[in-house]
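Visitor: Next comes the sequence, and after it the predicted model I'd like to discuss.
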Amino acid sequence: MTAAENVCYTLINVPMDSEPPSEISLKNDLEKGDVKLKTEALKKVIIMILNGEKLPGLLMTIIRFVLPLQDHTIKKLLLVFWEIVPKTTPDGRLLQEMILVCDAYRKDLQHPNEFIRGSTLRFLCKLKEAELLEPLMPAIRACLEHRHSYVRRNAVLAIYTIYRNFEHLIPDAPELIHDFLVNEKDASCKRNAFMMLIHADQDRALDYLSTCIDQVQTFGDILQLVIVELIYKVCHANPSERARFIRCIYNLLQSSSPAVKYEAAGTLVTLSSAPTAIKAAAQCYIDLIIKESDNNVKLIVLDRLIELKEHPSHERVLQDLVMDILRVLSTPDLEVRKKTLQLALDLVSSRNVEELVIVLKKEVIKTNNVTEHEDTDKYRQLLVRTLHSCSVRFPDMAANVIPVLMEFLSDNNEAAAADVLEFVREAIQRFDNLRPLIVEKMLEVFHAIKSVKIYRGALWILGEYCSTKEDIQSVMTEVRRSLGEIPIVESEIKKEAGELKPEEEVSVGPVQKLVTEMGTYATQSALSSSRPAKKEEDRPPLRGFLLDGDFFVAASLATTLTKIALRYVSLVQEKKKQNSFIAEAMLLMATILHLGKSSLPKKPITDDDVDRISLCLKVLSECSPLMNDIFNKECRQSLSHMLSAKLEEEKLSQKKESEKRNVTVQPDDPISFMQLTAKNEMSSKEDQFQLSLLAAMGNTQRKEAADPLASKLNKVTQLTGFSDPVYAEAYVHVNQYDIVLDVLVVNQTSDTLQNCTLELATLGDLKLVEKPSPLTLAPHDFANIKANVKVASTENGIIFGNIVYDVSGAASDRNCVVLSDIHIDIMDYIQPASCTDAEFRQMWAEFEWENKVTVNTNIIDLNEYLQHILKSTNMKCLTPEKALSGYCGFMAANLYARSIFGEDALANVSIEKPIHLGPEAPVTGHIRIRAKSQGMALSLGDKINLSQKKTSL
């Protein structure tokens with residue numbers, strides 16, 4: 001174990017700028033100064049000893065002049081001093097002066113002040129010299145009977161550490177502590193005593209627990225936590241003991257302390273897989289989530305519930321608790337709600353889907369009444385998607401859900417309305433029996449739709465699925481109502497004229513002349529600004545969209561009118577009615593074209609939209625059977641293909657998920673008998689307490705890959721050359737937000753190197769936490785120096801620096817060896833993630849940093865290149881496998897990843913195979929990367945550039 005890894009008890013902040021005082025001045029202060037001066041001098045002595053000074057001459061001075069003082073601050077400082085001062089001679093024998101110190105300890109252990117007794121006992125835990133402890137044993141034992149709990153609990157800890165380190169000094173410690181525990185009333189003393197018994201004599205701890213197992217609920221929470229740990233350890237080592245203690249764990253689920261409940265539930269799940277145990281633990285977790293106010297706690301406990309669900313046999317139990325899980329939705333935090341809805345959706349079954357839908361409908365209605373909060377819209381969107389998924393999986397529910405959701409088509413939040421529209425489109429295509437209901441509701445809310453995108457979608461659905469004469473007439477009425485008075489251009493001109501009259505006494509003649517120019521409308525712009533409210537109020541929705549210059553909705557309307565007109569012709573036999581309906585549809589299209597070509601709208605109509613509307617006019621004027629087929633049959637078939645492909649993809653991913661979770665046992669698998677299993681083979685039964693402790697210390701044991709290149713040696717960076725006087729290499733250990741540099745420094749000279757210091761600096765979003773302390777290296781000696789670097793964001797960082805040192809006896813200046821740069825790889829922070837197409841598009845539009853990387857590779861296959869990029873960038877391909885299968889000479893795919901800092905990275909790969917250059921030609925194209933921060937976009941681009949070419953093995 002290196003010096004840096006030794007157990008450290010006391011951390012002391014040392015100001016670096018102060019000049020170290022001389023030994024004589026310190027001696028003077030300690031002898032003749034007042035209490036304040038002695039305190040300051042003692043602090044300086046402690047700091048100097050920590051920095052490696054020996055100061056042997058001050059030991060006796062401190063014993064004579066400082067030790068007898070009764071000042072509490074000095075007593076506390078002396079405890080630190082005696083902890084760090086060398087207590088032995090170079091040959092390992094105890095210094096004679098320490099006997100005097102030992103006597104002073106004994107007096108402090110009998111001191112009337114409980115603080116001095118307690119802190120002395122705490123200090124004794126850190127002593128490693130048995131000769132010093134031996135004379136103090138009677139005084140330590142006597143402290144167990146002190147009136148104050150602070151003294152008693154520290155006495156227990158002192159006895160425990162002395163028993164652990166030097167058992168011969170107090171061989172009867174377990175028995176002594178057991179007797180103490182039986183008679184003790186204070187919770188903290190009982191907890192310390194019980195913890196000692198767990199580690200020193202587990203059988204005695206179990207005996208004590210057996211005697212008071214029925215009173216466990218009455219104990220304090222700190223003792224209950226230790227009892228949970230003991231039960232877990234005993235049952236982990238000896239499963240036959242489970243039956244004896246499982247009742248106790250059940251009782252602890254009712255504890256008043258959330259920490260005890262959480263630990264007890266976790267322990268119960270590991271001890272028993274009986275449905276009643278799983279149900280009790282899950283119920284406990286749900287209560288914790290609801291009652292705890294901290295969102296982090298809620299998320300951690302939710303993760304535990306999700307882990308429970310992963311086990312196939314536990315899933316059935318959790319399905320009965322879906323309604324309880326939904327109580328968590330009362331939390332306002334969006335992340336908690338998102339996880340809860342996902343969990344509920346995974347657990348929903350035909351038994352509880354009805355109740356689930358009722359609760360979700362109530363939640364949807366609640367979001368309508370809430371005053372707008374920034375997360376309300378997102379929450380509503382989540383609820384809509386969850387209801388959508390329920391209706392797809394359980395078609396019987398769709399009829400209940402659709403009427404509630406259709407209200408949201410008129411919602412101000414376009415994202416939620418778009419989700420509803422997508423759901424309605426799928427429902428109307430899949431469930432024939434619901435078509436009349438959906439069309440009826442759609443016609444009801446059609447006039448209230450505020451968003452042009454939703455309006456287009458609603459028009460398409462009405463045009464596609466209105467099949468009766470009455471519905472077709474209703475659609476036409478709604479369109480006329482939404483368009484307002486036609487012809488649009490003339491009515492708008494009249495409106496302008498009408499508005500001009502009351503404002504300014506202008507005669508009709510000039511107004512007519514002003515408008516017929518179809519030019520600037522100078523007067524109109526001035527007047528319209530003075531009366532905008534009235535104009536906006538009076539204007540019907542579709543007319544408003546068109547005057548704002550959004551003519552794409554007009555092209556959509558033209559298609560809808562063409563579909564319903566063609567369908568009307570096939571339904572109604574009367575020629576007069578047929579012609580009248582077609583004429584009305586054509587009039588609407590013509591007036592829209594006229595409006596687009598005029599200068600009334602804010603933006604003129606685009607050529608694409610003109611072509612589309614003209615085509616629809618031509619189709620209606622000819623009414624050919626071929627066009628009828630294309631408009632009324634093929635469109636729906638395309639939608640049907642898309643939905644079935646989507647459904648197939650979902651089923652495939654669900655099947656993969658369930659295959660992953662179902663533990664398949666092969667007929668020839670060996671049978672595992674627990675009694676015959678070696679201790680080290682019980683991999684599935686790892687000690688959770690041990691694992692969590694290791695994780696907290698950052699020592700998680702990752703299973704090294706079989707490939708030797710993936711081992712630790714791969715992360716070693718050589719910092720200096722072999723011929724340099726000081727050789728250095730660093731092992732870079734990345735642990736989420738920290739980077740630990742373990743630098744091996746070797747003195748290759750025959751001189752002693754003094755003040756050998758590793759000086760580091762960083763470039764990028766890296767921050768050096770502490771400056772490594774200087775070392776003295778003997779000839780051909782080596783040492784390890786550790787440096788911590790904090791990482792704040794995902795971008796390529798560089799650590800650079802040098803090693804400076806003095807050669808003993810040399811008069812020259814300090815010597816310096818410059819180190820090679822250490823490049824921190826961005827890949828340690830990027831993890832594959834997934835998002836929906838809509839989210840991807842939204843992020844793509846929002847992110848401002850784009851980095852375009854030209855493909856320059858020796859790979860000749862498109863798919864192989866894509867897989868290579870995925871592997872080297874840690875990104876996930878969002879484009880489904882089906883879309884990438886087959887061969888057509890080009891490929892486009894979307895990639896997505898998220899960093900551990902929550903930053904998103906998007907990439908679009910557009911590549912092709914230049915066929916004219918022959919079959920061996922490499923792939924060409926571009927990769928566009930988008931990210932919120934410049935560092936992320938550039939770093940990812942660099943990574944792709946570096947790893948594009950495939951190295952031949």
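Guide: Looks like it came in fine. Numbers count the residues shown, from 1 in each chain.
Visitor: tell me the average confidence for the helix or strand Thr559 falls within?
Guide: Element membership for Thr559, per DSSP states H and E: helix 552-571. Taken as a whole, helix 552-571 carries a mean pLDDT of 84.
Visitor: Can you mark which positions in that helix are buried?
Guide: Buried residues in helix 552-571, counted by 16 or more other Cβ atoms under 10 Å: 552-569. From N, CA and C alone the C-beta is placed, and that goes for glycine too.
Visitor: With stretch 744-762 instead?
Guide: 745-747, 751-754, 756-758, 760, 762.
Visitor: Show me the domain layout of this protein.
Guide: Domain ranges of the chain: 348-446, 458-495+540-637, 713-824, 828-947, per the TED database.
Visitor: Format those as a markdown table; extra columns: distance to Gly57.
Guide: Listed next are the domains of the chain as a markdown table, based on distance: least, Cβ to Cβ, whole Å:
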| stretch | distance to Gly57 |
| --- | --- |
| domain 348-446 | 68 |
| domain 458-495+540-637 | 91 |
| domain 713-824 | 22 |
| domain 828-947 | 51 |
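Visitor: Of all these, which one comes closest to Ser273?
Guide: Shortest distance between Ser273 and the domains of the chain, using Cβ to Cβ, is found for domain 348-446: 20.3 Å.
Visitor: From the chain's centroid, how far away is that closest one?
Guide: Centroid displacement of domain 348-446 relative to its chain, using Cα atoms, centre = their mean, to the nearest Å, is 28 Å.
Visitor: on that earlier part again, output the helix holding Thr559 as CSV, nothing but the C-alphas.
Guide: The C-alpha trace of helix 552-571 is given here as CSV (Å, rounded to 0.1, in the frame of the first residue of the first chain):
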residue,chain,number,x,y,z
PHE,A,552,-49.1,24.2,-47.8
VAL,A,553,-52.4,23.8,-45.9
ALA,A,554,-54.1,24.9,-49.1
ALA,A,555,-52.4,22.1,-51.1
SER,A,556,-53.6,19.7,-48.4
LEU,A,557,-57.1,21.1,-48.6
ALA,A,558,-57.1,20.7,-52.4
THR,A,559,-56.3,17.0,-52.0
THR,A,560,-59.0,16.5,-49.3
LEU,A,561,-61.6,18.3,-51.5
THR,A,562,-60.6,16.1,-54.5
LYS,A,563,-61.0,12.9,-52.4
ILE,A,564,-64.4,13.8,-51.0
ALA,A,565,-65.6,15.1,-54.4
LEU,A,566,-64.6,11.9,-56.1
ARG,A,567,-66.3,9.8,-53.3
TYR,A,568,-69.4,12.0,-53.5
VAL,A,569,-69.7,11.3,-57.2
SER,A,570,-69.6,7.6,-56.6
LEU,A,571,-72.2,7.8,-53.8
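Visitor: Beyond it, next helix or strand please.
Guide: helix 575-597.
Visitor: Could you tell me the angle between the next helix or strand after that next one and helix 552-571?
Guide: Following helix 575-597 in sequence order, the next helix or strand is helix 607-622 (DSSP H and E). When axes from the mean of the first three to the mean of the last three Cα atoms, to 10 degrees is applied, the directions of helix 607-622 and helix 552-571 differ by 10 degrees.
Visitor: Return the residues in contact with the closest residue to Asp550 other than its chain neighbours.
Guide: Spatially, and ignoring its direct neighbours in sequence, Asp550 is nearest to Val452 (5.2 Å; Cβ to Cβ, 6 or more residues apart in numbering). By Cβ atoms under 8 Å, 6 or more residues apart in numbering, the contact set of Val452 is 545, 550, 552-553.
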